[in-house]
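K.L.:
Mind looking at a prediction? Sequence and model below.
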Amino acid sequence: MTFFWYDWAGYAGVLLVLLAYFLLQAHKLHGNRLTYQLMNILGALGVMLSLLFGRFNWPAFLMQVAWLLIGIYGVARGMQKRRELKEKTPE
């Protein structure tokens with residue numbers, strides 16, 4: 001069996017998503033923190049690459065698109081909350 005770069009990208013993506021979820025359950029990461037969101041975003045991108053360049057699968061691809069968008073939403077929401085907190089804090 002031959003492994004291509006996109007296979008490794010997919011394995012790394014799966015590992016990142018699963019590790020993020022495990023660390024969340026182990027209370028080592030918080031779901032609203034940037035690290036957790038970036039692990040999910042990069043993981044989804046890795047799996048998407050493996051699907052785009054390897055064997056395409058619509059249901060798996062759509063799930064990764066949703067995972068990516070949720071992660072981006074989480075990052076944007078976190079940035080907005082930090083901005084609001086900074087505006088409320090007197091200097």
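P.N.:
Okay, I see it.
K.L.:
Need the three-state assignment for residue 32.
P.N.:
Recorded secondary structure, residue 32: coil (DSSP: H, G, I helix; E, B strand; the rest coil).
K.L.:
show me what contacts it?
P.N.:
With contact taken as C-beta atoms under 8 Å, 6 or more residues apart in numbering, residue 32 is in contact with 74, 77-78, 81. C-beta: built from backbone N, CA, C; applies to glycine.
K.L.:
Repeat that for residue 65.
P.N.:
Going by C-beta under 8 Å, 6+ apart, residue 65 touches 44, 48.
K.L.:
What residues of the strand or helix carrying it count as buried?
P.N.:
Using DSSP states H and E, the element containing residue 65 is helix 58-88. Applying a neighbour-count criterion of 16 or more other C-beta atoms under 10 Å, one finds 64, 67-68, 71, 74-75 buried in helix 58-88.
K.L.:
Next, count neighbours for the residue nearest to residue 75 when sequence neighbours are not counted.
P.N.:
Computed as C-beta to C-beta, 6 or more residues apart in numbering, the closest residue to residue 75 that is not its neighbour in sequence is residue 37, at 4.8 Å. Neighbour count for residue 37, taken as other C-beta atoms under 10 Å: 22.
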